[in-house]
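[1] below: sequence and its predicted model.
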Amino acid sequence: MPDSAVLRRIFPWLVAIAIASYVFHVVEISEAWSALLRARLEIIGPLILGSVLCWFWIESLAYAYLFSRFNTPVSWREARALRGISYLLAPIHLGLGKAALVLRLHAIKNVPVLEGTGTVVLYQTFDAIVLAGLTAIGLWLLPPTPETSVARAVAITVVLVLLGSLYLLRSDRPRFRLLDRARHLTLHHAHRKLRLRDALFMLFAKLAYHSIGVAVFYVGTRAFGIDVPWTLVLAAAPAIQAIGALPITPGGLGTQQAAMLYFFGGHGSEAAIVAFGFSLPIAFMVARSLLGLVYLHGLTAHSRLGSALPPMDREHRTGRVFDDSFGRAAQQKLPQLRMSAGPHHDDIDIALRGEFRDDFRGISALDDDLHAKSPGPQGLG
């Protein structure tokens, strides 16, 4: 039997296959393929590429701001690399993409994993707030029915609950033991530091992000011959994106198509809706993966550098750079280097690196003797 780790990896794909099988039981594959061939692909192609690039720029800018605000300084260039690499794992499982982003931040910036996770959770909370808010607005614009009234009430409730949870975590009142424990969890490190300007920034970033998504749905459905009113697109697109973001299937494959059949049925042929529904996430997945490949070189380059130089804690940057494989040789050189390099251990580090630059192969141990002689937290920059 496969172990639990393997099962967790393949389970989203099994769910996607099951849902897709049901969808193609309703609509023949040949009909969906014919609808795809009839679509105006000259519109779909630039639409996909343009939206993926815009989303990438918005999210990387948001992560640069948030990580710099709550964890450690991160440039937009570094944030683009972080987000790009996460795109490569997201098709396997959406959670893996987020985990890769946090773990990569830990590797290059030494940010504690739970702190980085807390920042991402805070960002995703505002994502849910904006999605629910747009859904409520879209449902309010639709003709009133019992179904839309219930859905609108649910969307508004989600917004209020999420805003209320942010307030309780950010505030010191009311005082309850369990609530106080939750407030001081490392996972809520970013929540406690949240300011109004941070909230406005995230709301604006996510509003821009999902507004692009609404535009993609509106233009894309018309390219497939599906005449969906813009008010329905405004109500349905955020809900479909939220369903696709659930960690059930890779890239929302299967779940989004079933949701599109539900929301857009009656405004176009089922074959066209299914063709649009499957081509959209697959095209997004491919485009994001290709974008992630651009940053794969940086990952491998940093891995080679990381084998020669460990990540330095921003608060305890020391100059201890010995590996077990050549530590003894460096120890023999140390007295001579101390005499020639000067009193500061960062000068000794430079000398050691010059002496043994061809021997760095994976730093695993730090030299206690050199650390004891160090005058303070200076070291390699």
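    Cool, got the structure.

[2] mind listing what the residue nearest to the spatial centre of the chain touches?
    Centroid-nearest residue in the chain: Lys98, 4.2 Å away (criterion: Cα atoms, centre = their mean). With contact taken as Cβ atoms under 8 Å, 6 or more residues apart in numbering, Lys98 is in contact with Ser86, Val120, Gln124. No exception for glycine: its C-beta is placed from N, CA and C like everyone else's.

[3] show me how to select, in PyMOL, the buried members of the residues you listed.
    To isolate the buried subset of those in PyMOL, counting by 16 or more other Cβ atoms under 10 Å, use the following:
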select buried, resi 86+120
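
[4] pLDDT, distance to Thr255 and secondary structure for the contacts of Lys98 - can I get that in a markdown table?
    Putting those into a markdown table (pLDDT from 0 to 100; distance: Cβ to Cβ, whole Å; DSSP: H, G, I helix; E, B strand; the rest coil) gives the following:
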| residue | pLDDT | distance to Thr255 | secondary structure |
| --- | --- | --- | --- |
| Ser86 | 88 | 20 | helix |
| Val120 | 94 | 22 | helix |
| Gln124 | 92 | 18 | helix |
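
[5] list phi and psi for the nearest residue to Ser269 once chain neighbours are set aside.
    What sits nearest to Ser269 in space, not counting adjacent residues and going by Cβ to Cβ, 6 or more residues apart in numbering, is Ala35, at 6.7 Å. In terms of degrees, to the nearest 10, the main-chain angles of Ala35 are phi -60, psi -40.

[6] likewise for Pro73?
    Main-chain dihedrals, Pro73, degrees, to the nearest 10: phi -60, psi 130.

[7] where does the prediction get shaky in this structure?
    Within the chain, the set of residues satisfying pLDDT under 70 comprises 1-3, 5, 92-95, 251, 298-381.

[8] wait, what's in contact with Ala239?
    Counting by Cβ under 8 Å, 6+ apart, Ala239 touches Leu131, Thr135, Ala259, Phe263.

[9] closest to Tyr22 out of those?
    Ranked by distance to Tyr22 (Cβ to Cβ), the contacts of Ala239 are led by Ala259 at 12.7 Å.

[10] tell me the contacts of Ile212?
    Ile212 neighbours (Cβ under 8 Å, 6+ apart): Ser51, Cys54, Trp55, Ile58.
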